[in-house]
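Got a predicted structure plus its sequence, pasted below:
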Protein chains: 2
Amino acid sequence: MKAEIIAVGTELLLGQIVNTNAQYLSQELAAMGIDVYYQTVVGDNASRLQGAIELASQRADILILTGGIGPTQDDLTKDALAAHVGRSLHIDRLAMDQIERFFAGRGINMTENNRRQALVIDGSTPLPNETGLAVGLALAQEDNFYIVLPGPPKELKPMFDQQAKPWLLQHALTDEMPIYSKMLKFAGIGESLLEDRLLDLIDGQTDPTIAPYAKEGEVTVRISTKAPTEQEAMEKLNAMQGQIQSRLADHMYASMDVPIERIIVDMMADRGITLSAAESCTGGMLMESITSIPGSATMFVGGIVCYSNEMKEKLLHVPHALLEGDDAPGAVSAEVAEVLAENVRMITDSDFGLSVTGVAGPGYSERKPVGLVYVGIAQRGQKTEVFELKLNGNRETIRVRSVKTLLYRLWQRLVSTDRATGESKDQV
Amino acid sequence: MKAEIIAVGTELLLGQIVNTNAQYLSQELAAMGIDVYYQTVVGDNASRLQGAIELASQRADILILTGGIGPTQDDLTKDALAAHVGRSLHIDRLAMDQIERFFAGRGINMTENNRRQALVIDGSTPLPNETGLAVGLALAQEDNFYIVLPGPPKELKPMFDQQAKPWLLQHALTDEMPIYSKMLKFAGIGESLLEDRLLDLIDGQTDPTIAPYAKEGEVTVRISTKAPTEQEAMEKLNAMQGQIQSRLADHMYASMDVPIERIIVDMMADRGITLSAAESCTGGMLMESITSIPGSATMFVGGIVCYSNEMKEKLLHVPHALLEGDDAPGAVSAEVAEVLAENVRMITDSDFGLSVTGVAGPGYSERKPVGLVYVGIAQRGQKTEVFELKLNGNRETIRVRSVKTLLYRLWQRLVSTDRATGESKDQV
């Protein structure tokens, strides 16, 4: 099976946004055993869009169209595909109900153009949009399979994963041996070092295949195999996972695609352990990442963003002598990270207290270099740990890496506590 | 002049990397007044690559090829282009010298395949690579202009900017007028309502052109025009901006592409006004977005994430009677939003205090529906404002929209204060 991804939108051709949808879909299709031969980007122009669909329908079996299904005049994707397949469009009643409820719930008058978001092609399968208003669709005609998805990634991803993928498996991939994958997640290690440790496995890979890739502060390894049954696939995948895990036990935190904060929230919630945080240079990013996880309310009590030195003193009782004066270590120091972690834990009466203080840049602070960050972990009845980090990158990268490194250290601490107390190691 | 960008590399089709080169080149070409009609991605496959070049040479004047010019067997871009134009390849002496010096300087033996990186097409202009080893090239033949650039962005960007762009200006763009654009940014209004208010302008657009698009919680409108001089362009753009602004004065916060938090940070820093925040359901996201802006340290002092009711009482002195009991309004209420904003402002002794409390889901809380959020703005010496929001979407969307709505309301407050005190309205 060959696929082509057609992203529709003049904003892509003007370089206003980057085509992350093509990357996401390419990864997903590769994991399903579908070969992507072309990615195409075309603007909001009816004839060029129809031309791109025509061409793709000749050179690919599966066409995935993204974008151009919003409410405005230049949203033309469904019209162009309808013209290509020679069918009409109609309003999908369920999608229209959802749109009407949306506007009624907000007490806003719905403008007429919003009805366009409920359009589907006659004879297609509507793909509900759980995070937006524009309905997608899936259609089989002659030798081609067509999928239409919204442009915003937060709408596209759940619609592909929960609606389009199952439809493709059922309609397009009936004769193929299914492909099964596992995602192994690693923290506290870079992609190149991880690859180095797995080099012989990667070089010799045939089945399962091994594909590492890095996101900010995390590395993912996808292992995949084709097999007639899930059981056979899992036997092969679990054997490979065992080999990889034995080499990287200190870094592998999950065997499914979840961020490390999800594992931490689950571990702490299970054990009835509570957490708090004091953040300086990360300004709330650490707490934001923890509270992004549903269920975090059971283990995360709260915390303090102490951006100024005055707030470090006032809200977290950091001694003035640590912050200012000729011999003071200053706000960006191991000493202050230690006090911040311990005091936020005590103030909130939680089991663990985390802290971050550093120079995210641009520009140094306290004559300390950009990228110097201290992170602390205080625990009730235990010695406080502080780690010095020297990070590269811009302000955003340094903040993200500070958060990810601290979460990795907290995960290590939880795992080693479990080992010491004889609890089984948590791996989802 | 029409251009097409062809990115070459199987790693793009597998989703291992995202095509940021296409975004960079599209931006640069748009700024030069060149229309990009298509972006294409094709793998390291000789016949499909030649097919993509053939097609692009028919539908575009300028072809920009990126990637596939390294030392390995699957680096085929120059061979494919040479075959397309019917010319031979030869070693460029200067490029070869650079490669030999690189290996000699590191004391490494140069493997023979590295010579491939010095290949250029007969009759083309070599484009030196200042940050890598593979030489690029520029070639005019019949009605087409061809540019070949390396794949790594750190090699591609300087080569395009310093070599390819001047070559294009000299050879391809001798008769063209440059294009100029402005980005107008809006908050507190959806894309479809904004478009509705501008419908006659958009429908009648010829010059300048008007293109709206939405990101999470913000809408951008790009207005563009071609003109012989920047001054003439700006006169046309400013006239159009004036028309748009007069219809959407309450929503237009900037005439350049910046998030609303950037405008707020700048306004407050300029006026010497300080800010603090108390967050419940957003868990730090509000403070994270403010502190993502360089320079926020001068106006943002800090704040408190009070995720549990206990922390609302303990850290922010919310009366127990408001939180719990049969007649209590509960944590998600206008009353609690008001107390949170006022108390965080007083505790931190800042000029403004913000608050967010709501149900981000999944699952209701206090028998209140997902998406019900209260945001508050307290100001020294002024009456506290609280806004009730009814938001749709998943947990992430509800949190983002809560933050963006609160920031919009704060911006409105700052602007109206300026108006009342006679300061000029800030627009970057």
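Everything's here; your move.

From here on, just use CA atoms for contacts and neighbour counts.
Fine.

Low-confidence stretches in chain A?
A:214, A:216, A:422-428 (pLDDT under 70).

Okay, domains of it per the record?
Listed by automatic domain parsing, the domain ranges of chain A are A:2-171, A:179-254, A:260-421.

Adding distance to chain B and mean neighbour count, write the ones you listed out as TSV.
Output for the domains of chain A, formatted as TSV (distance: least, CA to the nearest CA, whole Å; neighbours: other CA atoms under 10 Å in any protein chain shown):
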stretch	distance to chain B	mean neighbour count
domain A:2-171	4	20
domain A:179-254	7	17
domain A:260-421	4	21
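
Distance to B:Pro152 added to those domains, as a markdown table?
A markdown table is the format used below for the domains of chain A (distance: least, CA to CA, whole Å):
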| stretch | distance to B:Pro152 |
| --- | --- |
| domain A:2-171 | 16 |
| domain A:179-254 | 16 |
| domain A:260-421 | 18 |
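
Tell me which of these lies nearest to B:Glu313.
Within the domains of chain A, the stretch nearest B:Glu313 is domain A:260-421; the backing value is 11.0 Å (CA to CA).

and A:Arg380, what does it touch?
Residues counted as contacts of A:Arg380 (CA atoms under 8 Å, 6 or more residues apart in numbering or on different chains) are A:Arg345, A:Ser350, A:Asp351, A:Phe352.

Just the ones of the residues you listed in helices?
Of these, the ones assigned to helices by DSSP state H are A:Arg345.

Would you check which pair of the contacts of A:Arg380 lies furthest apart?
A:Arg345 and A:Asp351 (6.8 Å).

Which neighbours do these two have in common?
Listed as contacting both A:Arg345 and A:Asp351 by CA under 8 Å, 6+ apart are A:Leu275, A:Gln379, A:Arg380.

Which of those fall within strands?
Using DSSP state E, the members of those that fall within strands are A:Leu275, A:Gln379.

Using TSV, lay out the shared contacts of A:Arg345 and A:Asp351 together with distance to A:His320.
TSV is the format used below for the shared contacts of A:Arg345 and A:Asp351 (distance: CA to CA, whole Å):
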residue	distance to A:His320
A:Leu275	26
A:Gln379	24
A:Arg380	25
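
and of the shared contacts of A:Arg345 and A:Asp351, the nearest to B:Lys226?
Using CA to CA, these come closest to B:Lys226 at A:Leu275, 57.0 Å.

Surely that closest one and A:Ser355 touch.
No: taking contacts as CA atoms under 8 Å, A:Leu275 lies outside contact range of A:Ser355: 11.2 Å.

which residue lies farthest from the center of chain A?
Residue farthest from the centre of chain A, counting by CA atoms, centre = their mean, is A:Asp326 at 44.2 Å.

quick one, what contacts A:Ser57?
Neighbour list for A:Ser57: A:Leu63, A:Asn144 [criterion: CA under 8 Å, 6+ apart].

roughly how far is the helix or strand that contains it from the heart of the chain?
Using DSSP states H and E, A:Ser57 sits in helix A:46-59. Offset of helix A:46-59 from its chain centre (CA atoms, centre = their mean, to the nearest Å): 32 Å.

now stretch A:387-404
Here stretch A:387-404 shows a centroid-to-chain-centroid distance of 18 Å under the convention CA atoms, centre = their mean.

Name the residues that touch that stretch?
Here stretch A:387-404 makes contact (CA under 8 Å, 6+ apart) with A:187-188, A:216-218, A:260, A:281-282, A:285-286, A:334, A:356, A:360-362, A:370-376, B:292.

Show me what the helix or strand hosting A:Gly303 is packed against.
A:Gly303 is located in strand A:300-306, with elements delineated by DSSP H and E. Here strand A:300-306 touches strand A:275-279, helix A:285-291, helix A:309-316, helix A:334-348, strand B:300-306, going by 3 or more CA pairs under 8 Å, 6 or more residues apart in numbering or on different chains; DSSP states H and E.

What are the contacting residues of the longest one?
Under the contact criterion CA under 8 Å, 6+ apart, helix A:334-348 has outside partners A:275-278, A:301-304, A:312, A:316-318, A:322-323, A:329-330, A:351-357, A:374-380, A:384-388, B:311.

what about 6 Å?
Helix A:334-348 is contacted from outside by A:Phe352, A:Gly353, A:Leu354, A:Ser355, A:Tyr374, A:Gly376, A:Ile377, A:Ala378, using CA atoms under 6 Å, 6 or more residues apart in numbering or on different chains.

beta partners for the second one?
Spelled out, it's A:Gly353. Applying DSSP bridges to A:Gly353 gives these bridge partners: A:Ser276, A:Ala378.

That one contacts A:Ala278, doesn't it?
No: at 7.6 Å, A:Gly353 does not count as touching A:Ala278 under the criterion of CA atoms under 6 Å.

Is it correct that A:Val400 falls within a strand?
No: using DSSP: H, G, I helix; E, B strand; the rest coil, the assignment for A:Val400 is helix, not a strand.

CA atoms of the strand holding A:Gly303 as PDB?
Taking Å, rounded to 0.1, in the frame of the first residue of the first chain, the C-alpha atoms of strand A:300-306 are listed here in PDB:
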ATOM      1  CA  PHE A 300      -0.200  17.400  43.400                       C
ATOM      2  CA  VAL A 301      -1.200  19.900  46.000                       C
ATOM      3  CA  GLY A 302       0.200  23.100  44.600                       C
ATOM      4  CA  GLY A 303       3.300  25.300  44.700                       C
ATOM      5  CA  ILE A 304       4.900  28.700  44.300                       C
ATOM      6  CA  VAL A 305       6.400  30.600  41.400                       C
ATOM      7  CA  CYS A 306       9.000  32.800  43.000                       C
END
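
Show me the contact partners of it.
Contacts of strand A:300-306 (CA under 6 Å, 6+ apart): A:274-280, A:283, A:312, B:302-308.

Tell me the one among these nearest to B:Met240.
Ranked by distance to B:Met240 (CA to CA), these are led by A:Gly283 at 38.6 Å.

The nearest residue to A:Ala331 once chain neighbours are set aside and A:Val332, how far apart?
Among residues not flanking A:Ala331 along the chain, A:Leu323 sits closest, at 5.2 Å (CA to CA, 6 or more residues apart in numbering or on different chains). Distance, A:Leu323 to A:Val332, using CA to CA, to the nearest Å: 9 Å.

how close does the residue lying closest to A:Leu173 once chain neighbours are set aside sit to A:Lys165?
Leaving aside its sequence neighbours, A:Leu173 sits nearest to A:Met1 (CA to CA, 6+ apart; 7.8 Å). Remark: distance between A:Met1 and A:Lys165 (CA to CA) = 14 Å.

Kindly report the same for A:Arg409.
A:Arg409 sits at a distance of 36 Å from A:Lys165 (criterion: CA to CA).
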